[in-house]
Structure formats: structure tokens, C-alpha cells
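# Predicted model and sequence follow; I will ask about them next.
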Amino acid sequence: MTIHTGYEPAAGCTGQSQQGAKALMAWYLGAYGAMGGKNLGIYNCRNIAGSQSLSLHSEGRACDLGVPVGQGWAKTLADALLAHSGELGIQLIIHDRKVWSARHPFDGWRDYSGSNPHRDHLHVELSWKAARELSAAAVQAELTLTGQGFPAWPGRHLRHTPGHLMRGDDVRTWQQRMAGLGRQIAVDGVYGPQSAGVARDFQQAKGLEVDGVVGPKTWAASWQA
Ligand SMILES: [Zn+2]
């Protein structure tokens, strides 16, 4: 976990997205696509909105990671990217009227005064080295190694309601984790009685409220186990 220092501004339009930026986007869609994460673009030869300066999108080194507005996981992801900016070669992040920049690396999140509030996406800029070399596997490895890269809670409570089975990639992700911890569970993306039973056992073991429902606390505890 290190902080990236030093900012490389955009010098001109390159005509294409860089490999590392495409890799970051591919990782993002794989990790957060099921939770509403979208690709809002990489290469775009233009100025920063409301400014005369060239945007990093002009060099294909900036990713706009689309996020559903009002869900906590976007901020969690932004914090994780900042904490690992050194390893990942991230030089600037903007989200929800806040900016972190490698021009002021140790000042944390500062107010962003640009005309676009960036509520519906994370604008993430890469250094030239990262833009050339970063791979999706490297992002996953970096965020997994430290325990901060666990998937964010999907924003809905996973629960078993007889007669109305909840299904989805979020259910599968959680089941996979439980199976990885050695629990007897079918990884089928359907939250049935077996999943609820595993959730209750897990909650009991962790000293959490035992209700068989996977909310934010149980979800997070699943990856801290
Ligand atoms: Zn952007």
C-alpha cells in the first residue's frame, strides 16, 4: 500500500485508449459489472469540462468507471484505489465532488470544483508507465492481497423468502466465498434454504446477529474471515 507521487499532464491527443487503461476497465467490469458498474469511456480527444486544459482522456490514460448513484461501494472503491495508487500507478481520482491528485499526494481527498460533479462515475487517471503496463490480473492481485479488494456489498440484502427465490451474480459471489472457506454450499446463484443456513452458521461463528440474511456486515465479515 503506497501512494503514487508525481503528476504527468496530457500533452496531446494520441488517437487511442492505452492498454493499461483498457485493462483497468476490464477488471472493473468483471468485479463490479454485476453491481451496476459501467464503462463510461476511456479515449476522448477533448478538454476538461469547463476548462481550457486537455483532459487525460485525450491520451487514453483516463477511465470513467460508471457507478450507480447513491451506493456506498463507489466510495469504498475510490478509497481502495487511492490507498493502492502507488502499486497501480494511479495519479488522480475524481468522484462525487472530491479529488485526489498525485500533485498533492498526501493531502487525501480535497474538494473538486470542476463543472462536472462526477457523481455517476469515478474518473481514474494512470501514469504513463501504468498506462502501458497495467494488467487486469495485477489490479485484482493488488486489491485482493491486502484484503481491501473484496467485492462491495451489492446493495440488496440476500435473504431466503419461501416461494420467491432470490438469484443473481451477487448471490453467486457470496456462495463462492463461503465455498472457498470450506462451507458446504452450492454455488448456483440462488439464495435458498441452504444458503440461509450457511449464513446463520457463519453469523453465529462471527458473533453477528443470526438472521440468515446477508447484509453489509455479514457480507464484509465474509471476506475478513
Ligand atoms: Zn473522466
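Arrived safely. Numbering: from 1, shown residues only.

# use CA for all of it now, contacts and neighbours both
Noted.

# Then Val99 would be within a strand, right?
Yes. Assignment of Val99 by DSSP: H, G, I helix; E, B strand; the rest coil places it within a strand.

# Could you give the bridge partners of it?
Beta-bridge pairing of Val99 under DSSP bridges involves Ile94, Arg110.

# if I pick it, what's in contact with it?
Val99 sits next to Leu92, Ile93, Trp109, Arg110, Asp111, Tyr112 when contact means CA atoms under 8 Å, 6 or more residues apart in numbering.

# Surely the third one is in contact with Ala102?
Meaning Trp109. No. Counting by CA atoms under 8 Å, Trp109 does not reach Ala102; the two are 11.0 Å apart.

# Those two: which has the busier surroundings?
With neighbours defined as other CA atoms under 10 Å, Trp109 and Ala102 compare such that Ala102 has more, 23 against 19.

# how about the more buried one, what does it touch?
Per CA under 8 Å, 6+ apart, neighbours of Ala102: His4, Thr5, Gly6, Tyr7, Gln91, Leu92.

# can you count the residues close to the third one?
So that's Gly6. 13.

# pLDDT score for it?
pLDDT for Gly6: 94.

# Where does it sit: helix, strand or coil?
Classification of Gly6 using three-state DSSP returns coil.

# roughly how far apart are the residue nearest to it when sequence neighbours are not counted and Pro193?
Of all residues not flanking Gly6 in the chain, Ala102 sits nearest, at 5.3 Å (CA to CA, 6 or more residues apart in numbering). Distance of Ala102 to Pro193, given as CA to CA, to the nearest Å: 49 Å.

# didn't Thr14 look like it was pressed against His57?
No. Applying CA under 8 Å, one finds Thr14 not in contact with His57, separated by 9.4 Å.

# List phi and psi for Gly212.
phi 70, psi 10 (degrees, to the nearest 10).

# my read: it touches Gln194, true?
No. Gly212 is beyond contact range of Gln194, at 9.9 Å (criterion: CA under 8 Å).

# tell me the SS of the spatially most central residue of the chain?
Nearest to the mean C-alpha position of the chain, by CA atoms, centre = their mean, lies Leu77 at 4.1 Å. On the three-state scheme (three-state DSSP), Leu77 is labelled helix.

# which outside residues touch the one helix or strand in the chain whose mean pLDDT sits lowest?
Least confident helix or strand of the chain, by mean pLDDT, DSSP states H and E, is helix 136-145 with a mean of 80. Contact partners of helix 136-145, identified using CA under 8 Å, 6+ apart, comprise Ala23, Leu24, Ala26, Trp27, Ala80, His84, Glu87, Leu88, Gly149, Phe150.

# now do stretch 163-180
Contacts for stretch 163-180 (CA under 8 Å, 6+ apart): 34-35, 154, 158-160, 184-192, 195, 198, 219, 222-223.

# Go through those and flag which are in helices.
Members of those lying in helices (criterion: DSSP state H): Ser195, Val198, Trp219, Ser222, Trp223.

# tell me which of those residues is nearest to Val124?
Trp223 (25.3 Å; CA to CA).
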